[in-house]
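Colleague: Quick one, what's the 3D model for this:
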Amino acid sequence: MNSTPRHFTRQGFTLVGLLIIIAVIAILAAMLLPALASAKRKSKRIECVNNLKQAGLAFRLWEGDNGDKYPMAVSTNKNGTMEYAEDGNAFCHFQVMSNELSTPKILVCPADDRTAAASFARLKNQNVSYFVSLDATEVRPPMLLTGDRNVTNGLSPVRSVLELRPEIPAGWTEALHNGVGNIGLADGSVQQVSIPGLQQMLKHTGDSTNRVALPE
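Modeller: The predicted structure is shown next:
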């Protein structure tokens, strides 16, 4: 007589236990997924910083072999890229440093949807995630050298050249690192900066225009 109630009691307990387990899993997932997403974004940003550090080192190595000048200040007749500056062909400034960069893969930020070029010979703007400062020089360490391409200040680039004037508020779009970005300076360092941090940085570069070639 008591077997049937006991049977239903055990079945009811199993169902309740299953529901509790499902609820616990759902709560844990809700807690962990944002943390995992944040960790993934942080990992991509760190890798982007490493890319810019390698690019900065390549600039300095190239400079050491070419009269202490970056490619943007050396004529194409001497294997530089000076004549390409006004056209905003950012990829050209990286392309001439193929020996120093070793691989075009480091020119693509892991948070970007762009793909790396198969070789430096095939490199185009579409294979680059970073801008190049056209007036950077090692003797002015605070100047911008490279940085994430999603920089903006409300002005329209002229032939893919954007002026980041200190008096005009600059910032980042949401395209790569959710409203923040990475900047490589002329002294070889790389900084992760917010929008206010970028605006402060531009005030201390010592340059009135901070012209950058965007890889558009």
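Colleague: So residue 210 is in contact with residue 145, correct?
Modeller: No: applying Cβ atoms under 8 Å, one finds residue 210 not in contact with residue 145, separated by 10.8 Å. Heads up, the C-betas are built off the backbone N, CA and C, glycines and all.
Colleague: if you count what's nearby, which of those two comes out ahead?
Modeller: Set side by side, residue 210 and residue 145 give different neighbour counts by other Cβ atoms under 10 Å, the larger being at residue 145 (28 against 24).
Colleague: Just read off the phi/psi values of the more buried one.
Modeller: Phi and psi for residue 145, reported as degrees, to the nearest 10, are phi -120, psi -50.
Colleague: Now for it: which residues touch it?
Modeller: Taking Cβ atoms under 8 Å, 6 or more residues apart in numbering, we find residue 145 in contact with 56, 59, 70, 132-133, 136, 184-186.
Colleague: for residue 90, same thing?
Modeller: Residue 90 touches 125, 128, 130-132, 149, 160, 213-215, counting by Cβ under 8 Å, 6+ apart.
Colleague: before we move on, back to that, what sits in contact with each of residue 210 and residue 145?
Modeller: Counting by Cβ under 8 Å, 6+ apart, the contacts common to residue 210 and residue 145 are residue 133.
Colleague: Tell me where the protein has helices.
Modeller: Using DSSP state H, the helices found in the chain span residues 3-64, 90-95, 98-101, 195-203.
Colleague: Closest to the centroid, which residue in this protein?
Modeller: With distances taken as Cα atoms, centre = their mean, residue 148 lies nearest the centre of the chain, 4.0 Å away.
Colleague: So for that residue, what's the nearest residue that isn't a sequence neighbour?
Modeller: residue 181 (4.1 Å; Cβ to Cβ, 6 or more residues apart in numbering).
Colleague: partner residues bridging the one you found?
Modeller: residue 193 (DSSP bridges).
Colleague: quick one, what contacts it?
Modeller: So, once contact is read as Cβ under 8 Å, 6+ apart, residue 181 ends up touching 147-148, 150-151, 172, 192-193, 198.
Colleague: Now do the contacts for residue 79.
Modeller: Per Cβ under 8 Å, 6+ apart, neighbours of residue 79: 66, 96.
Colleague: pLDDT score for residue 23?
Modeller: We have a pLDDT of 77 for residue 23.
Colleague: Now do it against residue 30, distance only.
Modeller: 11 Å (Cβ to Cβ, to the nearest Å).
Colleague: Next: residue 144.
Modeller: The gap separating residue 144 from residue 30 is 41 Å, by Cβ to Cβ.
Colleague: With residue 141 instead?
Modeller: Going from residue 141 to residue 30 by Cβ to Cβ gives 46 Å.
Colleague: So the two - more neighbours on which side?
Modeller: When residue 141 and residue 30 are compared for neighbours, residue 141 comes out ahead with 15 against 9, by other Cβ under 10 Å.
Colleague: Name the nearest residue to that one, ignoring sequence neighbours.
Modeller: residue 187 (3.5 Å).
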